[in-house]
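Novice: mind folding the following:
(one chain, ligands or ions: 1)
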Amino acid sequence: MLNKQIESLLNKQIKHEFEAGNWYLSMSSWADVNGFEGAARFFLEQSKEENFHGMKIFHFINNREGHAKAPSVTGPDTEFNSYRHLFERSLELEKENTRLIDDLVDAAREANDHATEQFLQWYVDEQVEEEELFRSILDKLNILGDKGPGLYMLDQELGQRTADLPGNGGETE
Ligand code: OFO
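Specialist: Take a look at the predicted model:
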């Protein structure tokens, strides 16, 4: 059974995951409106992943006799300065999420809640991958450039992305 403090922190994390999902949805829309079809697809898939992360915690709370709360989420920005800005902002969001997950792991450890600590290990690993993903895209932008054929090629590559979700053949299964 979850203690109340861990339950409350996990509920806050659900909210954060859905807020991240909304940020990525907003980025997808900005990319679409500005003609970047690849990034529009990429961020739509990223948004689905974040919503899945939130739902995974949602089910975990209720499975452990807690009460998962459907979160009220704050709206993201709708305008971005540039293609590069989308990925810089994404990396910031992921770094912030890594800090929140680390705090949650610390709290679970202090509460001797081994099941939650083990459950959160999936998120710890996911954060390493997600920060690396956005860093690698920024590296490619540095190499290929922010406009012209280089940017077009990168956008095409990003458009190949499929969310790592159950049923999509990803590691999540
Ligand atoms: Fe961007 O990762 Fe969720 O947890």
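Novice: low pLDDT regions in the protein?
Specialist: 169-173 (pLDDT under 70).
Novice: quick check: residues of it near the ligand?
Specialist: With C-beta under 6 Å from any ligand atom as the criterion, the chain meets the ligand at residues 17, 20, 50, 53, 94, 97, 123, 126, 130. To be clear about C-beta, it is placed using only N, CA and C from the backbone, and glycine gets the same treatment.
Novice: can we see that at 8 Å?
Specialist: Within the chain, the positions lying close to the ligand (C-beta under 8 Å from any ligand atom) are 13, 16-17, 20, 46, 49-50, 53-54, 93-94, 97, 101, 123, 126-127, 130.
Novice: run through the residues that contact the closest residue to the ligand within the chain.
Specialist: Nearest residue of the chain to the ligand (C-beta to the nearest ligand atom) works out as residue 53 at 3.7 Å. Residues in contact with residue 53, defined by C-beta atoms under 8 Å, 6 or more residues apart in numbering, are 17, 20, 123, 126.
Novice: and stretch 113-130, what's buried?
Specialist: For stretch 113-130, the buried set under the neighbour-count rule, 16 or more other C-beta atoms under 10 Å, comprises 113, 116, 117, 119, 120, 123, 126, 127, 130.
Novice: what residues does it touch?
Specialist: 2-3, 6, 10, 53, 56, 60, 64, 94, 97-98, 101-102, 104-105, 108-109.
Novice: those residues, buried ones only, as a ChimeraX selection?
Specialist: Selection of the buried residues among the contacts of stretch 113-130 in ChimeraX, burial being defined by 16+ other C-beta under 10 Å:
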select :2,6,10,53,56,60,64,94,97,98,101,104,105,108
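Novice: which of the contacts of stretch 113-130 fall in helices?
Specialist: Among the contacts of stretch 113-130, the ones falling in helices (DSSP state H) are 6, 10, 53, 56, 60, 94, 97-98, 101-102, 104-105, 108-109.
Novice: let me have those in a markdown table, extended by distance to residue 76.
Specialist: A markdown table is the format used below for these (distance: C-beta to C-beta, whole Å):
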| residue | distance to residue 76 |
| --- | --- |
| 6 | 27 |
| 10 | 22 |
| 53 | 16 |
| 56 | 21 |
| 60 | 25 |
| 94 | 14 |
| 97 | 14 |
| 98 | 19 |
| 101 | 20 |
| 102 | 23 |
| 104 | 22 |
| 105 | 26 |
| 108 | 28 |
| 109 | 32 |
